[in-house]
Structures are given as structure tokens and as C-alpha cells.
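Peer 1: no letters, just coordinates:
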């Protein structure tokens with residue numbers, strides 16, 4: 001893989017950026033026990049943590065998450081975006097190059113520390129984070145190079161996802177065993193858990209569980225083995241108030257990205273009709289938005305916190321997916337948009353890296369579908385997840401209790417009451433994934449897109465127009481139960497076909513439709529559908 005020059009060219013800039021945001025280069029890199037030595041592995045690991053968690057800040061975050069992943073997950077629309085599935089090669093190129101720079105840093109940390117038992121925590125965290133960012137990049141592109149050492153940077157092949165996932169599992173098991181609270185670790189440089197080894201161990205097991213569920217459709221036996229291994233580890237899973245968050249850095253370019261988009265750059269991230277339908281009616285609680293808003297009578301209480309009504313007519317409504325630009329008059333004024341109430345509180349609002357409610361819903365699915373046993377009931381995990389999500393958004397436990405007791409259904413037919421099985425769109429799996437979808441908004445949109453591709457859940461409106469050159473999609477299909485109507489991946493950077501053609505072609509050969517956005521990823525290739533809704 002011809003990424004060596006890309007990696008090295010960005011390395012100095014990345015390191016300087018991170019050290020300038022902490023307590024000074026000397027504070028980070030000087031080992032007080034060995035005069036004159038510099039612990040580069042600390043700054044390298046700190047850089048990779050922040051860059052991988054935030055996609056390097058507002059610029060790349062907007063190009064990849066806001067304009068791509070948020071749109072594919074039907075969380076938000078942000079300008080033309082990728083609403084018609086048309087790739088933007090410069091965006092994909094930027095992510096590709098940045099990702100391999102982060103991987104180079106992590107491989108450097110592992111090589112610098114792996115033969116030093118006293119630095120086992122650094123090795124372990126670098127291994128965990130390498131899995132985290134590689135799994136996220138493969139969610140975006142599909143099969144791709146996975147350099148596992150610095151010498152591999154230029155020559156790694158496009159590795160099949162089935163092989164990568166097996167490595168992910170073994171790496172996470174090895175890492176959780178390596179973590180040792182009695183050994184040295186970094187505190188100010190760890191901007192997620194600040195050196196709390198026990199929390200990193202629980203994070204590792206939770207990531208293991210997430211990735212185990214990812215293969216539920218393509219390899220149920222492997223899913224069961226790995227999910228049980230994650231749950232059975234003595235360190236446990238993430239716990240209430242154990243959410244992994246990384247604080248944004250105040251000031252232009254490093255602020256919480258959605259603050260930058262809406263306040264600094266003047267654009268609005270607006271609600272999509274699919275999300276509007278998910279939130280409308282479910283839980284049976286009255287809409288409590290701004291005075292004078294035109295909204296449904298009953299809205300999930302998180303919905304009023306997620307989205308403000310349109311500035312033009314005060315309507316709490318979403319934009320239909322897949323419209324052409326000439327079909328939209330003014331996105332900034334005509335649709336409900338990301339609420340200013342929580343955006344404006346701070347330009348350095350923490351970004352969610354992994355949420356405890358997601359862990360609860362992973363457990364609810366794993367128990368409900370028989371992938372794990374001896375770990376409580378699916379209903380208990382489901383209700384824990386809803387209550388934890390309400391708590392994260394400042395909604396009372398009393399409201400959560402009333403919400404969970406309600407059989408009121410959203411537009412897709414899904415209720416919050418776990419025992420209510422009436423009507424279409426209301427299976428237990430639809431409930432679990434619907435609540436996971438709501439709880440992960442907005443920072444964990446990758447997980448929403450992953451569930452859509454894996455299970456075709458929750459129900460989405462079908463984009464009105466899809467670029468015919470982007471992939472092979474059903475013609476004029478309105479069937480919400482057909483997973484083929486929704487985007488599967490993003491294309492490789494064109495530079496790979498020019499400078500790394502032989503390996504690029506090996507990667508393309510692993511994709512059903514070639515290098516197209518319609519090619520399903522390995523773990524989604526069964527094209528499962530669990531939607532039972534009849535609403536369109």
C-alpha cells in the first residue's frame with residue numbers, strides 16, 4: 001500500500017497539534033524517573049486517541065461523519081451531503097490518509113512498548129484503539145489494508161473483513177489481559193478515561209461485544225462465541241456513568257464539530273423524516289418544545305431536545321431523504337434542525353466515543369437472540385438502556401418509567417413497552433434497535449448505519465433519488481423491507497487505483513458490485529431484513 005509518504009508527511013503536524021493542546025511538550029514527554037529521556041509513545045498515543053475519536057476535528061469530521069455517515073444513518077442532513085449516494089473522492093482521500101497516519105502512530109507505540117512489561121498499559125491501549133479506529137474505517141470503506149506494524153505501512157494487502165474481525169477479537173482479548181492497574185499509565189494525556197485502567201478494560205470488553213454482534217447474520221456461531229467471551233470477562237462491561245467521552249478543545253477548528261457547523265460556519269444540520277417518524281408518538285409523552293411550535297402532540301422527550309422547530313414556520317418536521325438540490329428551498333429555515341439548546345451550552349462540549357446505553361442495548365439483543373446466557377433478562381437490559389439515555393439528556397426517571405409503560409406507537413408502529421407485541425413494526429428486536437438508534441444520536445451515527453446494514457433496522461424512508469452511477473440499486477423501489485435500497489459503503493479513493501492498483505483490484509474483487517456504494521460489506525452480505533412495519 002502506497003501510504004508511507006502520506007503517513008510521514010502528516011506525522012509531525014499531528015504530533016504538534018496534540019502537544020499544543022495539552023500541558024506542554026515537556027509535561028507530556030519527559031519521564032521524571034529517567035532524566036533526559038523523552039517518552040514519545042505518550043504523545044503518539046494521545047494524538048491517536050484524540051484524532052481517532054474526533055476524526056481530527058471539525059474539518060474531517062464534517063466531510064466524513066456529518067456529510068456522509070449522518071446522512072446514511074438518517075440522523076441528519078447537512079447541505080447537499082451524500083443524500084443521493086454520490087461519492088466525494090477528496091473527502092474519502094482525506095479520511096484514508098488520516099486513518100493510516102493514526103495507525104502508524106499506534107503501531108509505533110506498540111513497537112516502542114511491547115517488550116517493556118512496565119509499559120503494558122500503553123501497549124494494551126494502543127491495541128484497543130487500533131481495533132476501534134480500524135473497525136470504524138472498515139465500516140466506511142469495507143475490506144482495506146490493515147497494517148499491523150510500521151514496516152507494513154507500505155505493503156499491507158486489502159485484508160478480507162472476515163480475517164480482520166478474527167484479529168479484532170484476539171487483539172481485544174490480549175489487550176484486556178495486558179491492562180494492569182499496578183503499572184504506569186498516562187493521566188493528562190488520556191483525554192477519555194484519564195488513566196483509569198478499570199474503565200479501559202470495561203471499554204475493551206464492550207467493544208468486543210459490539211464487534212461480536214456485528215457478525216450476527218453472517219456467522220451466528222462466531223457471534224455467540226465472541227459475545228459470550230466479552231460478557232464473561234471478569235473485568236465486566238461499561239457501567240452507568242462510564243460513557244467514553246472526549247472533550248473538544250475550545251477555539252476555532254477544535255470545537256465540538258456541530259457547534260462549528262451551526263455557530264461558526266452558519267449551516268444547519270436538519271432532521272430527516274425517518275428520524276421524525278421514529279420519534280413521533282412513541283412513549284405517549286407530550287411534546288415539550290418551544291412555545292408556538294407546530295409539532296405532533298406526542299413526541300419522544302429526547303426529540304424536543306434533539307431538534308428545534310424550523311426557524312421559518314416553527315414546524316418540527318424533517319426533510320425527506322434523497323431529494324435533489326432544486327427540490328429544497330432553504331434547508332436552514334424550512335426544517336427542524338439540531339437543537340441550539342445543547343449546542344450553545346459550550347463550544348467544547350464532550351464528544352461521545354462509546355455510550356453505556358449502547359452497551360445495554362447490545363446486551364438486550366444478545367440475550368433476546370440467545371447469543372449470551374446467564375446475564376439477566378433482555379427486558380431488564382432494554383429498560384436500563386432507555387433510563388440511562390433519558391438520564392444523559394436530563395429527562396426524569398419518572399418520565400422514563402411512564403415512557404416504558406406506554407404502548408403508544410411511533411409512525412413505524414414501534415412502542416417503547418417491551419411486552420407490547422401488538423401491530424406491525426413492534427417486535428422485540430425492532431424495539432431494541434429503535435431505542436439504540438435514538439440513544440446513540442448524534443455522535444455514534446456509525447452504529448446506526450451499521451445496524452441498518454446488518455438488520456435493516458430501524459425502518460427508514462427510501463431516498464427519492466439515488467445516483468445511478470453510484471451503485472446497483474432497485475429501480476423506483478418503495479419497499480422499506482428491501483435492504484438493497486440503502487447505501488452499503490463508500491468508495492475507495494481514486495488514488496488507490498492509480499498508485500496501488502494491484503492491491504486495489506484485490507480489494508475490489510472482494511466486493512459484490514465492485515467499488516460501488518451498493519456493495520454490501522461481508523458482515524451484511526446476507527442482506528437480512530427484520531422490518532415488519534407497513535408504513536411508508
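Peer 2: Thanks, I have the structure now. Quantities reported herein were computed from a predicted structural model and do not represent experimental measurements.

Peer 1: check which residues of stretch 180-187 are buried.
Peer 2: 185-186 (16 or more other CB atoms under 10 Å). Glycine gets a C-beta too; all of them are placed from N, C-alpha and C.

Peer 1: so what touches that stretch?
Peer 2: Contacts with stretch 180-187, where a contact means CB atoms under 8 Å, 6 or more residues apart in numbering, come from 42, 45-46, 117-122, 194-195, 197-198.

Peer 1: among these, which lie within helices?
Peer 2: 42, 45-46, 120-122, 197-198 (DSSP state H).

Peer 1: related to what we said a few turns ago, of the contacts of stretch 180-187, buried ones?
Peer 2: Buried among the contacts of stretch 180-187 by 16+ other CB under 10 Å: 42, 45-46, 119-122, 195, 197.

Peer 1: show me which helix runs longest in this protein.
Peer 2: Using DSSP H to define each element, the chain has its longest helix at helix 89-113.

Peer 1: who are the packing partners of that helix?
Peer 2: In this structure, helix 89-113 packs against helix 4-20, helix 40-54, helix 58-61, helix 120-141, helix 494-499, with contacts taken as 3 or more CB pairs under 8 Å, 6 or more residues apart in numbering; DSSP states H and E.

Peer 1: buried set for that helix?
Peer 2: In helix 89-113, the ones that count as buried by 16+ other CB under 10 Å are 91-110, 112-113.

Peer 1: the stretch 351-500 of the chain: helices as residue ranges?
Peer 2: 356-368, 378-392, 397-405, 428-439, 445-455, 494-499 (DSSP state H, counting those that start in this stretch).

Peer 1: nearest to residue 59, out of those helices?
Peer 2: helix 445-455 (17.5 Å; CB to CB).

Peer 1: what's the angle from the closest one to helix 428-439?
Peer 2: Taking axes from the mean of the first three to the mean of the last three CA atoms, to 10 degrees, one finds helix 445-455 and helix 428-439 inclined to each other by 160 degrees.

Peer 1: so helix 445-455 versus helix 356-368, what angle?
Peer 2: On the basis of the same axes, to 10 degrees, helix 445-455 is oriented at 20 degrees to helix 356-368.

Peer 1: pLDDT on helix 445-455, on average?
Peer 2: Rounded to a whole number, the mean pLDDT of helix 445-455 is 98.

Peer 1: ok now that helix, how far from the chain's centre?
Peer 2: 9 Å (CA atoms, centre = their mean, to the nearest Å).

Peer 1: which residues sit against it?
Peer 2: 65, 69-70, 72-76, 136, 139-140, 210, 214, 216-217, 358, 429, 433, 436-437, 440-441, 457-458, 460, 483, 486, 488, 520-521, 523-524, 528-530.

Peer 1: pLDDT below threshold where in this structure?
Peer 2: 1-38, 80-81, 252-253, 343-344, 536 (pLDDT under 70).

Peer 1: just the buried members of the contacts of helix 445-455?
Peer 2: Of the contacts of helix 445-455, these count as buried by 16+ other CB under 10 Å: 65, 69-70, 72-76, 136, 139-140, 210, 214, 216-217, 358, 429, 433, 436-437, 440-441, 457-458, 460, 483, 486, 488, 520-521, 523-524, 528, 530.

Peer 1: what's around the residue nearest to residue 55 when sequence neighbours are not counted, how many residues?
Peer 2: What sits nearest to residue 55 in space, not counting adjacent residues and going by CB to CB, 6 or more residues apart in numbering, is residue 61, at 4.2 Å. By the criterion of other CB atoms under 10 Å, residue 61 has 21 neighbours.

Peer 1: let me know whether residue 61 touches residue 51 as I believe.
Peer 2: No: using CB atoms under 8 Å, residue 61 is not in contact with residue 51, being 10.5 Å away.

Peer 1: in TSV, list the ones in helices among the contacts of stretch 180-187 along with distance to residue 372.
Peer 2: Formatted as TSV, those follow (distance: CB to CB, whole Å):
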residue	distance to residue 372
42	36
45	32
46	34
120	28
121	28
122	31
197	25
198	22
